[in-house]
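S.K.: The following comprises the amino acid sequence and a computationally predicted model.
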2 protein chains.
Amino acid sequence: NTCSRRTTISMYGRYTQELGVYAKEEAARLREEGVRRPSVAERSRSLELLENDKGRCAKCRTQKWMYVNLEGNVFLQYLAWVTYPVVLITFSAGFTQILAPQAVGSGIPEIKTILRGVVLKECLTFKTFVAKVIGLTSALGSGMPLGKESPFVHIASLGASLLCKFMSLFGGIYENESRNMELLSVACAVGVSCVFAAPIGGLLFSIEAMSTFFTVRNYWRGFFAATVTAFMYRVLAVWNRDEVTITALLPTNFRQDFPFDLQELPAFAVLGIVSGFGGALFVCLNRQIVQLIRNQKTIKKFLMKKRLLYPALVTLLVSTLTFPPGFGQFMAAKLTQMESLETLLDNHTWSKQGIPEEFDSNSHSQAWKHPQVNVFVTLTLFVVMKFWMSALAMTMPVPCGAFMPVFVIGAALGRLVGESMATWFPDGVHSDGTIYPIEPGVYAAVGAAALSGAVTHTVSTAVVVFELTGQISHILPVMIAVILANAVAQSLQPSLYDSLIMIKKLPYLPELGWGHHEYYNICVEDIMIRDVMYITLNCCYRDLHDVLLAGHLKTLALLESSESMILLGSIERAQLQALLSLQLGRPRRLKYLRDRATAESRLSVVSHPSSEDGSTMVNQEIAEWEENQLDEQVNFDNCMIDPAPIQLVERTSLHKTHTIFSLLGLDHAYVTSIGRLIGVVSLKELQKAIEGSVAVKGVNVRPPLASFRDSGTSGTIMNNENKARDLHKLWNRRKSMSLPQEHRASDPDEKSK
Amino acid sequence: NTCSRRTTISMYGRYTQELGVYAKEEAARLREEGVRRPSVAERSRSLELLENDKGRCAKCRTQKWMYVNLEGNVFLQYLAWVTYPVVLITFSAGFTQILAPQAVGSGIPEIKTILRGVVLKECLTFKTFVAKVIGLTSALGSGMPLGKESPFVHIASLGASLLCKFMSLFGGIYENESRNMELLSVACAVGVSCVFAAPIGGLLFSIEAMSTFFTVRNYWRGFFAATVTAFMYRVLAVWNRDEVTITALLPTNFRQDFPFDLQELPAFAVLGIVSGFGGALFVCLNRQIVQLIRNQKTIKKFLMKKRLLYPALVTLLVSTLTFPPGFGQFMAAKLTQMESLETLLDNHTWSKQGIPEEFDSNSHSQAWKHPQVNVFVTLTLFVVMKFWMSALAMTMPVPCGAFMPVFVIGAALGRLVGESMATWFPDGVHSDGTIYPIEPGVYAAVGAAALSGAVTHTVSTAVVVFELTGQISHILPVMIAVILANAVAQSLQPSLYDSLIMIKKLPYLPELGWGHHEYYNICVEDIMIRDVMYITLNCCYRDLHDVLLAGHLKTLALLESSESMILLGSIERAQLQALLSLQLGRPRRLKYLRDRATAESRLSVVSHPSSEDGSTMVNQEIAEWEENQLDEQVNFDNCMIDPAPIQLVERTSLHKTHTIFSLLGLDHAYVTSIGRLIGVVSLKELQKAIEGSVAVKGVNVRPPLASFRDSGTSGTIMNNENKARDLHKLWNRRKSMSLPQEHRASDPDEKSK
């Protein structure tokens, strides 16, 4: 009939849920006439009414036009289906690439790193904001299996950061750095909670995914912000007359008095374990694809030249395979993600005794029914195809996340298990007379929570599911499945976000896995660098110069003397550069030249050297003057010294070191023995030590974000970029900057790469 | 009719829900015959059936006997109603007092302090465990308005701690201190979640109430443990055939398709604000009662002599006022807490247009109906009376909490608002034709979450309500009310647990209030103690001796010399005591005497002094020997020195200091300036500085737990108690221990007390 065909057309490359919106509008109108809030089936019926009411809106007519024009011509239909997403994705990739490459990808890894204490300046600029918003909009509009949850987190963080910058113009509390961090962590909760209208789940998810340690006094704030977000999101629907009051986003109608039977628990447990393996596989697959592309030199070279080709090719592949009249008909490809989710959570059984039930002919659920193939095949194909498609789509250089696709795949997996259970036990598993049929929708909810929990290593996806569906009665199955899925996934793979951090080589400290006793046995002295760069109180400018050239540590240890080795504090690199700059800089040099000129003018009556000789002489003299200046002793009087850098003891365990580093967001810590400096341990050594004992293998290529990370790390300190530039001018005689000492001392293997 | 009278009898001092259990058993039996799970009303009907089935169980007959014997005789009924709780409470108070006074009270303040890093050894002993379990059981059995949630947290922590001790016998990971802390924080989640069968809410509540900073890697563990707890708790009900499957503890049946109208939100907000004031008032009232009793010297003196009189008097007062045929009839006093809660969450309106509706004559709800007084008066009386009764009952020296009573009072307050709304808007507030009547039960749920959230300063009570009722559709009203209640309560009073910590003067760091800009302006140098006790590398034993006598700081700073003031590390008091003990102790003294005897024996041929002279001589010589020994320089070679104590800078802000202290669980930190020690700041100064700026007034009496706290704080370090005792023997010449230097330096006001 016409309605289903219209639905098909509406899906040609469009992500928006306009039809659903019209349906709801119509439903709202009907409701005003005294009709109760319609179920999915009722809504579809109202769609039919909509058919007879064509004149009402312009957009409808446009769609109608498209449908009439392309009907019957499969090739044109295919062209429309494929062109639309390819154009959108290419635009998204190109726009992001040009405006702000940092906007590419999920954003959660970067925010996680920033919350850890490392400043990635470029991640929180207005440019990135614009690139992320526009890039994300067009990427989502393409209808590719991409998520919006993680980019929303990035966008919310960008918003918070820009708000902070704006407010700090007026002074006050916003100038405080730690205050801004608090705002940032609250922003993450907001980002997640507005996708599902799930304030509690959003807050908890953001805590789990983003933080290592959580400040409980921020909890209240996150709760407040997330509630306001969810409220605004849902109240807009009421004001738009889409909904009659505030309800859950995808309200379900599962049986409440007998939510599940105890004997179903093993099935839920199996679903959880399968999801755990699935989640680990997803993370692994995603990383393998990235590695394959980067390690294959020919592919890499080709793609580096044609940057937009890769996303276009991927989009072409995915949209060809999902073309509804083609292969897509076997995997309900004409439904959007939200529609798929809605149908998967449906509380009717789709199949009884293996024979597909008759669906309400107008509901979206019909998309899962195929005349030749039964619903199990459709569901299996959906799970398998979407699985690799999502993992592949995530590698495109557009702003995108993976949460939503994984959530939908999990729901389909759960539905598959649920339908199987319903076929296996057509009268339910309850033995005591009353028949409580199995509800596959519950399995879908459980599967969604379990798979998304496994991929992200979080358990709060359970809460997201409750808030999304508005039902909490099946809490135990969901939690059991989520916990089992986490147990399996965490023991096999890092979380998706940690995997992305590894791929991007962001300076993030990995989590301690559980049950690793060696954390308590490895000590700081086993991993520290003993050859520490330091300056002493009585050093001369030449030492300063040498130390600054030898490495680019952002802070340097200040010792009493090289004999006593007593640690007095640490000085920032920029401070030292300023000192050196002051000593050798333009003002003093000019003064010297002036003084010399005055002295010479007295002698000028005696000799008149040629101008060429003069300039050589001047150069020679300046060089000599510089050498003399460098031999003077450094005056630390006006220098900002941190007199209490964090110190550890040789025997501090790796576990405790990790805790201190995570808690205080440290970059490095000195190791002392009764006041004497004996070593230094930085994030890098710690990272290596933990990854070594956890035995997780990173990706050994230099990723696009690496350069950006280098500047980020050192950039935290270089507030005074002008001074640094002055110094570089001074030092332009020596062209080659040597590797940082830290690397040389600790990474003999790095040279062999 | 007989049934309602039976209910009355069954309540005479009994906390258990036996009747409910029988009803459910009966219902389960009926269900086997093909009947669906009954609602509250149906359950009551099954009670009637139970009446005709008297022979089935022995307990029923006992109750029957009591009922027949006391019927008609109001005086005897009163005697039974009053004697039962008085005996139980007196037993509980006496038993706890004798076995382990630490088991008194809620337990959450102590656990919070322990999690903060302060060891309160006596709190986690097997004795305390036994006292808490038995004391709590009899206290709850009394039917007084006492809660079990917080004691359950203490019991779970005790369980975890004892498990750790037991497991550490087998060695391995359980010997690690920080691992035990992790187990302890998980135990708290377990304690809360098993009361309401609310795993998520329980975990979140325990995090909010217990921690300042939360380790996210513990989240997973808490989730797991809490789920297992809730599962076991509810699955036992299924195995007992009380329930047919696992459901929420108090399942409600609120309307799901239209949970609330947007126009009701102001009412929910008002309820939240009122709850906020109520919560603050509760905390204040509770503290005022404690202060009144302690500051009134005559009352205090009298009660100190007759320790069991106070609880007995309080119980007598409360149970007299709640006697059902007396004043209790106006406040539904015959219902237990759980029954009250069940009726308050009922989704039927009790009153329409001010006229009470006809209740199902057999349901518990009937208790709220009185022939002369309408339901508003009953509810108001319930709220007012229970409010002060709970605040008073909490001050009794028995193991008890306040969460459950406050939760019920909140539900009643909500119900009151809900019934008023229902009377005001009999056809609901929805303007668009369809009638959606107001559901007062939703208001009860909102009120319960808001008031308990306000008293405990937590927002996760919202989640507890969802899990308790099994419905999440009214999420927004609950969250708005909880947030508003928290905002009001937090700006007026500390949380109940912080208030108890203040009353008990536990060494806990207060939270930073929000919006106090001065935290960023006050610096460590403003609050630090400048007159630091220290020892130097080249000091002699006499200095050591003097320093040890001068104060009882648990660690002492070790400086290079008193001229340079360079901080080299810190030494524990016990280490120094051991050093001194070694120098002056028995073995060396005996050796000296032996040497002297050998030397004398050579001279003995010359002179034969009398024995009296000899002993005087020996004493004199030992004194002289000791003086010589004390003048020797200390050898720190075998002494354990902490070479990296936490150091702060003068300009560290109060905010940052608080963060570092909370994060690392510090007791004190040294303040240094370029390696030189210039001051020390301890928990105490920080506490004072924060309380000063927050302007929260503590209770200035020495509470029963204070002594125990002193030993607790110093006990963390004195592992070597024998050595300490040896030292005391050595020093028995000097009787009076002076006050610790720290106090003298910083607390001039303390002397005036």
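M.R.: On my side now, so go ahead.

S.K.: C-alpha only now, for contacts and for neighbours.
M.R.: Fine.

S.K.: how close does residue A:334 sit to residue A:372?
M.R.: To residue A:372, residue A:334 is 18 Å away according to C-alpha to C-alpha, to the nearest Å.

S.K.: And residue A:253, by the same measure?
M.R.: Residue A:253 is 30 Å from residue A:372, where distance means C-alpha to C-alpha.

S.K.: before we move on, back to that, tell me which of residue A:334 and residue A:372 has more neighbours.
M.R.: residue A:334 (26 against 7; other C-alpha atoms under 10 Å in any protein chain shown).

S.K.: what about that one, which SS state?
M.R.: Under DSSP: H, G, I helix; E, B strand; the rest coil, residue A:334 falls in the coil class.

S.K.: What's the separation between it and residue B:481?
M.R.: Plainly put, residue A:334 is 42 Å away from residue B:481 if you go by C-alpha to C-alpha.

S.K.: One more: residue A:299?
M.R.: For residue A:299, the distance to residue B:481 equals 58 Å [C-alpha to C-alpha].

S.K.: between the two, which one's more packed in?
M.R.: residue B:481 (32 against 13).

S.K.: List the contacts of the more buried one.
M.R.: B:268, B:269, B:270, B:271, B:272, B:273, B:446, B:447, B:450 (C-alpha atoms under 8 Å, 6 or more residues apart in numbering or on different chains).

S.K.: change it to 10 Å
M.R.: Shown in contact with residue B:481 (C-alpha atoms under 10 Å, 6 or more residues apart in numbering or on different chains): B:265-276, B:446-447, B:449-451, B:453-454, B:459, B:462, B:487.

S.K.: Chain A next: which of the residues you listed are close?
M.R.: Residues of the contacts of residue B:481 in contact with chain A (C-alpha under 10 Å from any C-alpha of the partner chain): B:459, B:462, B:487.

S.K.: of those, closest to residue B:239?
M.R.: residue B:462 (29.3 Å; C-alpha to C-alpha).

S.K.: Now residue A:258, what are its backbone angles?
M.R.: Residue A:258 adopts backbone torsions of phi -140, psi 80, taken as degrees, to the nearest 10.

S.K.: Is residue A:556 in a helix, a strand, or coil?
M.R.: Under three-state DSSP, residue A:556 comes out as strand.

S.K.: burial count for it?
M.R.: Neighbours of residue A:556 under the rule other C-alpha under 10 Å: 19.

S.K.: if we can go back for a sec, show me just the buried residues among the contacts of residue B:481.
M.R.: The neighbour count (16 or more other C-alpha atoms under 10 Å in any protein chain shown) marks B:265, B:267-269, B:271-276, B:446-447, B:449-451, B:453-454, B:459, B:462, B:487 as buried among these.

S.K.: Okay, helices next: where are they in the stretch 251-400 of chain A?
M.R.: In the stretch 251-400 of chain A, the segments counted as helices under DSSP state H, counting those that start in this stretch are A:265-295, A:297-305, A:309-321, A:337-344, A:375-393.

S.K.: For the first one, give the mean pLDDT please.
M.R.: Mean pLDDT, helix A:265-295: 93.

S.K.: angle of it against helix A:375-393?
M.R.: If you take axes from the mean of the first three to the mean of the last three C-alpha atoms, to 10 degrees, helix A:265-295 sits at 40 degrees to helix A:375-393.

S.K.: same check, this time on the third one
M.R.: Direction vectors for helix A:309-321 and helix A:375-393, defined by the same axes, to 10 degrees, enclose an angle of 170 degrees.

S.K.: packing partners for helix A:309-321?
M.R.: Identification of packing neighbours for helix A:309-321 by 3 or more C-alpha pairs under 10 Å, 6 or more residues apart in numbering or on different chains; DSSP states H and E yields helix A:74-99, helix A:297-305, helix A:375-393.

S.K.: Make a markdown table out of the helices of the stretch 251-400 of chain A and add distance to residue B:313.
M.R.: As requested, those are arranged in a markdown table below (distance: least, C-alpha to C-alpha, whole Å):
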| stretch | distance to residue B:313 |
| --- | --- |
| helix A:265-295 | 51 |
| helix A:297-305 | 84 |
| helix A:309-321 | 78 |
| helix A:337-344 | 61 |
| helix A:375-393 | 68 |
